[in-house]
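Q: how would this look folded up:
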Amino acid sequence: MPGALSVPMPQDKKTRDEDAAGLPTSRLARLRLILAFDALLVEKSVAKAAERLNISSPAMSRLLAQIREIYQDPIVIRSGRRLIPTPLAESLRQRLRAIAAESDTLLDARAGDSPGPGPGSAPARPTVGPAPATPIQAVPLSMRPAFILEGAPDPGAMARKLASIGEAAPPQMKLAKYIALTGAGTSGSRPLTLDEADEAFSVILAGDADPIQIGAFLVVMQYRGLTAAELAGLVRASRRHCGAPGLSAAHADLDWPAYISPKSREAPWFLHAARLVAKAGHRILIHTQKKSGNHLEAAARMAGIGRCLSAGEASAQLKKDHIAVIQLDSLSTQLHGLMSLYGLFEMRSPLNVLVAMLNPLGANTSLLGVSRASYRELHRDAAAMLQWPNLAALGNSRDVAQATPFRSTTIFRLVDRLPRKLIVPSTPEPRAEPPIDLTRLEYWDAVWAGRARDDRAEEVIVSTAAAALLALKRDEMSYAETRAEAKALWRQRNAG
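A: Okay, here's the model as predicted:
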């Protein structure tokens, strides 16, 4: 009808608030994502974050999926019962905290407690000079409720107190500061930065920490879960403490850590694989813990690989034999002593993770055995932060890079500082051989010498050597090609 008012039809809410990809476009929807992101980083649990925001767990899962889509990043990775933030998520933590805590402050009922000007009072005079400070004078350290008990310090006060502990503070006070940052509970904790983790662990390595502080620091970090930045800081402090050189091809080609549980009864087949790679001309350094499992020291002697008593001796042996073994106590008595705390804790600590990245001779390439998927990414991301060029983490063994070819596995890699993944399919498992009347190490040696035939063991050795060659050759060869080379090396191992 002419002259009639045109009334727009209401849009569907999804069309108003989301784009074609289903991502939020309205400011209200985006603010909801920010608060959800912050709650996830604080709670490290989808269910607990949902409870904090008073929404259902499926709704929180949908918000997490949207956050992942926006940032093109996993944001959090499951490790046991906890969610570990990715390096990207950690880099955003403080900005998210500031926004979330400021929103709490603005909506705090007490904000309106101050009486306004009374009737007949003079109007307020305009101020001259800089704008007044915002209610949050320091970035809060973690999520807090909208109310605070009377007399309790707020996050800003805690931040200012910890910030007052500066460079001139005694070492124990510095370490106490970092223990407080990581272990003050939901209302006042956060992960350490790379530099903070470096400084904290340097205090411990220098012998300046109280024993109670050492236990508190390690247990808190283990319970909460390491971040890549923290691991990178621990590794940097440890390598500096050991006098490890920068990464290059000057001393070693491949770093192969082997910190095996003394309870392990698996034969050290990986050592045969390392011998194959060394026979191909690559210099392999194996570092391990005293009294390690698999009778590794005895196996190395049986194979003619003597224990080196210093990094210099190991470098010299690599020039001559292309393979060397060194124990942690020859690199650092302090790290060796800290690793021995396992008997007091009866659980692993961040030390078990960092020694795998000690790389005492600064090899350009590292080969690790890491069973948890989140830890494989943790090692890779920490190595990237440290500007390491090449790393490969096998997913079938916890303590040493030894392949389990009868299960599909994913190798997490750094190739010329770029992250990569390689899925290696499983192979049929050969039938177990009848037992031979030999000790475990005698049988291990007999397989290498050809006096015993064990198709299953040979498959483990060849697959492990193929992974090591792949890590060394980077993109020059495919896994199928390095596997073929490893098979040829195995057939020729006793020739000449």
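Q: show me the strands in this protein, by range?
A: Taking DSSP state E, the strands of the chain run over residues 76-79, 82-85, 254-258, 284-288, 307-308, 323-327, 365-369, 390-394, 409-415, 418-424.
Q: dump the residue contacts of L53.
A: 35-36, 39, 60 (C-beta atoms under 8 Å, 6 or more residues apart in numbering). C-beta here means a position set from N, CA and C on the backbone, and glycine is covered the same way.
Q: which of these sits closest to L88?
A: Relative to L88, the closest of the contacts of L53 is A36; by C-beta to C-beta it sits at 15.9 Å.
Q: next, work out how far apart that closest one and P191 are.
A: 19 Å (C-beta to C-beta, to the nearest Å).
Q: looking at those two, which has the bigger crowd around it?
A: A36 (25 against 21; other C-beta atoms under 10 Å).
Q: that one contacts A49, correct?
A: Yes - applying C-beta atoms under 8 Å, one finds A36 in contact with A49, separated by 6.8 Å.
Q: and the contacts of L53, which is closest to H241?
A: A39 (38.0 Å).
Q: grab the nearest non-local neighbour of the closest one.
A: A49 (3.9 Å; C-beta to C-beta, 6 or more residues apart in numbering).
Q: contact partners for the one you found?
A: 36, 39-40, 42-43, 60.
Q: where do the helices sit along the stretch 101-250 of the chain?
A: 155-163, 171-183, 194-205, 211-224, 228-242 (DSSP state H, counting those that start in this stretch).
Q: which of these has the highest mean neighbour count?
A: helix 228-242 (a mean of 24; mean count of other C-beta atoms under 10 Å).
Q: name the nearest residue to the most centrally placed residue in the chain, ignoring sequence neighbours.
A: The chain has L378 as the residue nearest its centroid, 2.7 Å off, counting by C-alpha atoms, centre = their mean. Closest residue in space to L378, ignoring its immediate chain neighbours: A228 at 5.6 Å, by C-beta to C-beta, 6+ apart.
Q: before we move on, back to that, now the buried members of the contacts of L53.
A: 35-36, 39, 60 (16 or more other C-beta atoms under 10 Å).
Q: tell me where the model's unsure across the stretch 151-300 of the chain.
A: Scanning the stretch 151-300 of the chain for pLDDT under 70 picks out 151-166, 185-188, 291-294.
Q: keep only those of the buried ones among the contacts of L53 that are in helices.
A: 35-36, 39, 60 (DSSP state H).
Q: which one is D329 nearest to, not counting chain neighbours?
A: H336 (4.0 Å).
Q: neighbours of F345, how many?
A: Neighbours of F345 using other C-beta under 10 Å come to 12.
Q: these two touch, right, it and I214?
A: No - taking C-beta under 8 Å as the definition, F345 is not a contact partner of I214, at 10.9 Å.
Q: can you give me the pLDDT of G120?
A: G120 carries a pLDDT score of 46 in this model.
Q: same deal with G343?
A: 79.
Q: and it, how far is that from G337?
A: Relative to G337, and taking C-beta to C-beta, G343 is found at 12 Å.
Q: ok, those two, which is more surrounded?
A: Applying other C-beta under 10 Å to G343 and G337 shows that G337 carries more neighbours, namely 13 against 6.
Q: give the contact list for that one.
A: Applying C-beta under 8 Å, 6+ apart, no residues qualify as near G337.
Q: phi, psi for N54 please.
A: phi 60, psi 40 (degrees, to the nearest 10).
Q: need the contact list for it.
A: No contacts exist for N54 under C-beta under 8 Å, 6+ apart.
Q: kindly report the same for T464.
A: So T464 contacts 269-270, 273, 401-403 (C-beta under 8 Å, 6+ apart).
Q: just the closest of those to I286, please.
A: F270 (8.8 Å).
Q: what is the neighbour count of the nearest residue to the closest one once chain neighbours are set aside?
A: Using C-beta to C-beta, 6+ apart and skipping the chain neighbours, the partner closest in space to F270 is Q402 (3.8 Å). Neighbourhood size, Q402 [other C-beta under 10 Å]: 26.
Q: can we start the residue count at 158 from this point?
A: Will do, 158 is the new start, and the previous item becomes Q559.
Q: residues touching Q559, list them.
A: Counted by C-beta under 8 Å, 6+ apart, Q559 has contacts 423, 425-427, 430, 526, 551, 553, 617, 621.
Q: ditto for A614
A: Counted by C-beta under 8 Å, 6+ apart, A614 has contacts 424, 426, 604.
Q: so for the last one, what's the pLDDT?
A: According to the model's per-residue confidence, V604 sits at a pLDDT of 94.
Q: thought it was touching H429?
A: Yes - under the criterion of C-beta under 8 Å, V604 makes contact with H429 at 7.5 Å.
Q: compare these two (neighbour count), which wins?
A: Per other C-beta under 10 Å, whichever of V604 and H429 has more neighbours is H429, with 24 against 19.
Q: among the contacts of Q559, which are in helices?
A: 426-427, 430, 617, 621.
Q: closest to A325 out of the contacts of L210?
A: A196 (37.6 Å).
Q: for that closest one, give me its contacts.
A: 206, 209-210, 217, 257, 300.
Q: again, only using 6 Å
A: 206, 209-210 (C-beta atoms under 6 Å, 6 or more residues apart in numbering).
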